[in-house]
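In: kindly return the folded structure for what I paste below:
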Amino acid sequence: MSHPQLAAALFDIGNGQGLRQFTELAMALLLSSLIGLEREARQKSAGLRTHTLVGVGSALFMEVSIHGFGALDGMDGVVLDPSRVAAQVVSGIGFIGGGLIFVKRDAVRGLTTAATIWLTCAIGMACGGGLPLLAIGATAVHFLVIRGFSKVSGRIGTAPSLDHVELRLTYRTQHGLLGRMLELCTGNGFRVTDVQVETSTDDERLSAEVLLRLEGTGSAHRLVEALTELDGVRGVTLGRRNDSTE
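Out: I've put the predicted structure just below:
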């Protein structure tokens with residue numbers, strides 16, 4: 001192929017490999033890199049490289065979906081549906097997003113990063129689909145939400161901090177009493193993290209001592225008052241523990 005023919009092929013928009021398509025890939029590269037840089041600066045699990053590859057890859061899938069099957073157009077029994085490839089991209093990106101989400105001590109981590117990957121995929125698809133204004137607008141929305149909304153939520157109020165307490169209870173062993181004590185704990189805004197029961201004989205009546213480790217946002221003093229009112233509870237000792245080393 002001569003140089004004039006090669007140049008004509010590269011800049012022929014009609015064959016799906018022209019200047020327009022390379023421009024769309026370059027825009028996907030730029031926009032996804034901007035999002036990746038923001039994630040990299042925050043030291044998230046998915047940073048610059050991941051977001052850039054997702055954006056460019058999604059744009060390329062859209063280019064293939066729109067232009068890659070042009071040779072089959074018009075053939076008998078062939079019906080082209082460019083949206084089918086796009087739909088598979090949307091489904092496939094869920095595997096990457098799902099790998100970024102994990103649970104640690106009942107707290108979900110990585111949801112925002114997974115959502116950012118999902119948005120970067122959509123931006124890349126918009127670039128590859130010839131919708132640059134929507135892609136630019138979605139990128140701007142990303143920075144508005146990540147940067148702006150965090151400040152707004154901070155002004156609205158922070159989540160109440162968890163209180164870590166220990167309760168040592170002495171009680172007469174009777175059917176269902178320990179269960180009622182645990183229900184009171186959960187009903188007053190605490191989660192039971194540990195239960196240690198010691199049984200002993202006192203004054204010919206079987207008694208027990210239980211150590212409850214709790215965490216939550218409720219009032220520990222109200223919980224103690226409620227526990228002392230239970231029939232069979234002899235004493236309640238309240239203490240707090242420091243979980244900073246865990």
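
In: strands along the chain, start to end?
Out: Taking DSSP state E as the criterion, the chain contains strands spanning 102-104, 107-109, 163-172, 190-202, 205-216, 233-240.

In: quick one: average pLDDT of the second one?
Out: The average of the pLDDT scores along strand 107-109 is 63.

In: likewise for the fifth one?
Out: In this model, strand 205-216 has a mean pLDDT of 83.

In: sorry, back to before: could I get the strands of the chain as CSV with mean neighbour count and distance to E40?
Out: For the C-beta atoms, the positions are set from N, CA and C on the backbone; glycine is no exception. Conversion of the strands of the chain to CSV gives the following (neighbours: other C-beta atoms under 10 Å; distance: least, C-beta to C-beta, whole Å):
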stretch, mean neighbour count, distance to E40
strand 102-104, 10, 20
strand 107-109, 10, 17
strand 163-172, 18, 34
strand 190-202, 13, 35
strand 205-216, 17, 33
strand 233-240, 13, 39
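
In: got a markdown table for those strands, with distance to G57 too?
Out: Formatted as a markdown table, the entries for these read as follows, by distance: least, C-beta to C-beta, whole Å:
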| stretch | distance to G57 |
| --- | --- |
| strand 102-104 | 24 |
| strand 107-109 | 25 |
| strand 163-172 | 45 |
| strand 190-202 | 42 |
| strand 205-216 | 43 |
| strand 233-240 | 51 |
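
In: between the ones you listed, which one is nearest to K151?
Out: Comparing those against K151 with C-beta to C-beta, the closest turns out to be strand 107-109 (21.2 Å).

In: how's this structure carved up into domains?
Out: Listed by automatic domain parsing, the domain ranges of the chain are 3-156, 163-240.

In: and the gap between G148 and I93?
Out: Look at G148 and I93: by C-beta to C-beta, to the nearest Å, they are 25 Å apart.
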